[in-house]
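1. Please find the sequence and the predicted model below.
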Amino acid sequence: MILRYGMVQIVMSINKDITNIGLINPYQWERARWRAAGFFVNEKANNLPCMGFIFHKSRYGENIFSQWQNQFGKADSFEEIRISIIQGLDTCEGIGYIIHLSSDPLQTLKRLESKSIKMDTKKVSVESLFQSMNPLPGSPHLSNFRKRYEKLGKYAIVPLRRSSLFRRKIRANLDLSIVKNQIYFRNLRDITEGDPDWPIFQSGILQAFDVKTKSKYGPFTAIKVVRWFSKLKP
């Protein structure tokens, strides 16, 4: 059985105990080619801190955000999109931090229940995207973003578009921004088995995880799509 609500596609598999919540479509992200992230302040919105997603194919990236807006509106009120920034990678040469983009299945189920759509499931299958980042030494952008976020308690995610293939100038499509209240700043050593960020360690080692390297655009950036299974806990 396939149940669609907004962009969320819930697929009941042959195993009735496992439900796939397809909040993130790996095909769409592969087509858009997410390359990096940028952090800035939106002066027109009370200096709201923003996390921008840079796509090689800007139009496809903006389509992802447009679909999210159709689902959430201007705010991810149920915090279905889960974003964590994982630091403490000193031993990993060429990586400053890793962005883990996924979804929170419990929050999605809460939103569906608010629409009188109730799912009876014990496990969910969730997609994760990982993007490694290697900022220049002393770069203040992530630190400034975190300080502003901790002051306001909210931020926005927004697609970014390069003005030219050969220029570094980037502009934000603020019309497609989505406001969020939650982002997780993690240290690699604090992530243990069963943690929502545990899939970072599960790059195909365990049979339950299906990991495929989707794209590699340079020595410091790569996208990995991870499909993992999680037991729902109320």
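-> Noted; the coordinates are in hand. Model, not experiment: these values are computed from the prediction.
2. least trustworthy helix or strand in the protein by mean pLDDT?
-> Using mean pLDDT, DSSP states H and E, the weakest-scoring helix or strand in the chain turns out to be strand 210-216, at a mean of 31.
3. and the longest helix anywhere in the chain, what other elements does it pack with?
-> The residue-count maximum for a helix in the chain (DSSP state H) belongs to helix 58-72. Contacts defined by 3 or more C-beta pairs under 8 Å, 6 or more residues apart in numbering; DSSP states H and E place helix 58-72 against helix 26-32, strand 48-55, strand 155-162, strand 178-180. Where C-beta positions appear, they are placed from N, C-alpha and C, glycine not excepted.
4. Heading C-terminal from it, find the next helix or strand.
-> Downstream of helix 58-72, the first helix or strand assigned by DSSP states H and E is strand 81-87.
5. got the contact list for that following strand?
-> Contacts with strand 81-87, where a contact means C-beta atoms under 8 Å, 6 or more residues apart in numbering, come from 23, 51, 68, 96-104, 142, 157, 178, 180, 182-188, 191, 196-197, 200.
6. Export the helices and strands packed on helix 58-72 as JSON lines, with columns for mean pLDDT, mean neighbour count and distance to Phe40.
-> Converted to JSON lines, the helices and strands packed on helix 58-72 look like this (pLDDT from 0 to 100; neighbours: other C-beta atoms under 10 Å; distance: least, C-beta to C-beta, whole Å):
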{"stretch": "helix 26-32", "mean pLDDT": "86", "mean neighbour count": "17", "distance to Phe40": "20"}
{"stretch": "strand 48-55", "mean pLDDT": "95", "mean neighbour count": "22", "distance to Phe40": "5"}
{"stretch": "strand 155-162", "mean pLDDT": "92", "mean neighbour count": "21", "distance to Phe40": "9"}
{"stretch": "strand 178-180", "mean pLDDT": "97", "mean neighbour count": "19", "distance to Phe40": "15"}
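7. Looking at the ones you listed, spot the one closest to Leu136.
-> Closest approach to Leu136 among these (C-beta to C-beta): strand 48-55, 15.6 Å.
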